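Novice: need coordinates for the below:
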Amino acid sequence: MRLTRPCGGAGCPARETAAAPIVRLTPPPRASILPAMSAIVILTTVGDEAQGQLIARELVGRRQAACVNMVAGVRSFYRWQGEVCDDAEHLLVIKTTASQFDAVTQTIQELHSYDLPEIIAIDVSRGEPGFLEWIAASVGDDAG
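Specialist: Next up is the predicted model:
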């Protein structure tokens, strides 16, 4: 559902008085139901911002991902080699297609400093159709 206020920018009179009523401009868009082997989100964590930027830029530059978000301030608790660890990390949220999973995995393993980097894929079963089409059009050999 796309909602907006008639006015809402900085300096807008409506912001300085009571809240303006919410007006529906368009009907709610229909979410797309995707076939198998379509859009996925891959999660991985890195130890610092520089490594996250390197991996993100390479994935997008190689057309293996349409978009990578880097979320700072992640704190991870895990067991590694018999010890409980507590580390500050950055989370990479990678939007791509299932057909790119192996290539994304290879790139992460190539550039990552961890012995065993987290690489978890989550199937996207629904999403805004235009965005999902953009993901598909942005990855692969024939991406433009």
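Novice: so how far is the helix or strand harbouring Val60 off the chain centroid?
Specialist: Take DSSP states H and E as the rule and Val60 turns out to sit in helix 49-61. For helix 49-61, the separation from the chain centroid amounts to 13 Å (computed by Cα atoms, centre = their mean, to the nearest Å).
Novice: what residues of the helix or strand following it count as buried?
Specialist: As assigned by DSSP H and E, the chain's next helix or strand after helix 49-61 is strand 67-80. By 16 or more other Cβ atoms under 10 Å, the buried positions in strand 67-80 come out as Cys67, Val68, Met70. Every C-beta, even on glycine, is put in place using the N, C-alpha and C of the backbone.
Novice: equivalent analysis for stretch 95-111, please.
Specialist: Neighbour count says stretch 95-111 has Lys95, Thr96, Thr97, Ala98, Gln100, Phe101, Ala103, Val104, Thr105, Thr107, Ile108 buried, by 16+ other Cβ under 10 Å.
Novice: isn't there a helix covering the fifth one?
Specialist: So that's Gln100. Yes: with DSSP: H, G, I helix; E, B strand; the rest coil as the criterion, Gln100 is part of a helix.
Novice: that concludes my questions; thank you for your assistance.
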